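Participant: Can you look at this prediction? I've put the sequence above it.
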Amino acid sequence: MMRFLMGFLLALALILVEIGIAQIFLDRDANCRERISSGRIVVDPHSVCTPEIGINLLNALSRGPFSSTRSEVSPIMAWVVSGISFGILGGFLAQFPRRTALSFFFGLHLAAIFLFTTIACLSQYIL
């Protein structure tokens, strides 16, 4: 039980820090786009600010499974769901040896980010 709790808390801390960093970059991009739109010079925001694939990646990091939905889901709810789901995954993987647990956790985390980013990119054209 102690290993589960330690794995849960470590995974939760890692995910929440990652979500916070992604949210900072999303806010910086929004400020960049706002400054460009208020300027007199016509510039493509994708050439100056974060490109679209980067925004989709940051949304996948920040919102997790809610990144592909275009509806406004509360960021707090997305953070809680992502944190708890990856925390439970970290708790279960903490039962394995350290190297195996870390390999599987980061592998599954990268696969989830790739999946959420791909769905977010494709949802622009499908939905």
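Facilitator: In hand now; what should we look at?
Participant: longest helix in the chain, by residue count?
Facilitator: helix 2-38 (DSSP state H).
Participant: residues making contact with stretch 16-34?
Facilitator: Contact with stretch 16-34 is made by 45, 48-50, 54-55, 58-59, 61-62, 75, 79, 82-83, as judged by Cβ atoms under 8 Å, 6 or more residues apart in numbering. In this view, the C-beta of every residue, glycine as well, is placed from N, C-alpha and C.
Participant: Could you list the low-pLDDT ranges of the chain?
Facilitator: When residues are selected by pLDDT under 70, those of the chain lie in 40-41, 45-46, 67-71, 127.
Participant: Tell me which residue lies nearest the centroid of it.
Facilitator: residue 61 (0.9 Å; Cα atoms, centre = their mean).
Participant: what's that residue sitting at in phi/psi?
Facilitator: Backbone torsions of residue 61, given as degrees, to the nearest 10, read phi -70, psi -40.
Participant: was I right about it contacting residue 112?
Facilitator: No: between residue 61 and residue 112 there is no contact under Cβ atoms under 8 Å: 10.0 Å.
Participant: Format the contacts of stretch 16-34 as a markdown table; extra columns: distance to residue 12 and secondary structure.
Facilitator: Output for the contacts of stretch 16-34, formatted as a markdown table (distance: Cβ to Cβ, whole Å; DSSP: H, G, I helix; E, B strand; the rest coil):
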| residue | distance to residue 12 | secondary structure |
| --- | --- | --- |
| 45 | 34 | helix |
| 48 | 35 | helix |
| 49 | 31 | coil |
| 50 | 27 | coil |
| 54 | 26 | helix |
| 55 | 25 | helix |
| 58 | 20 | helix |
| 59 | 20 | helix |
| 61 | 15 | helix |
| 62 | 16 | helix |
| 75 | 17 | helix |
| 79 | 10 | helix |
| 82 | 10 | helix |
| 83 | 5 | helix |
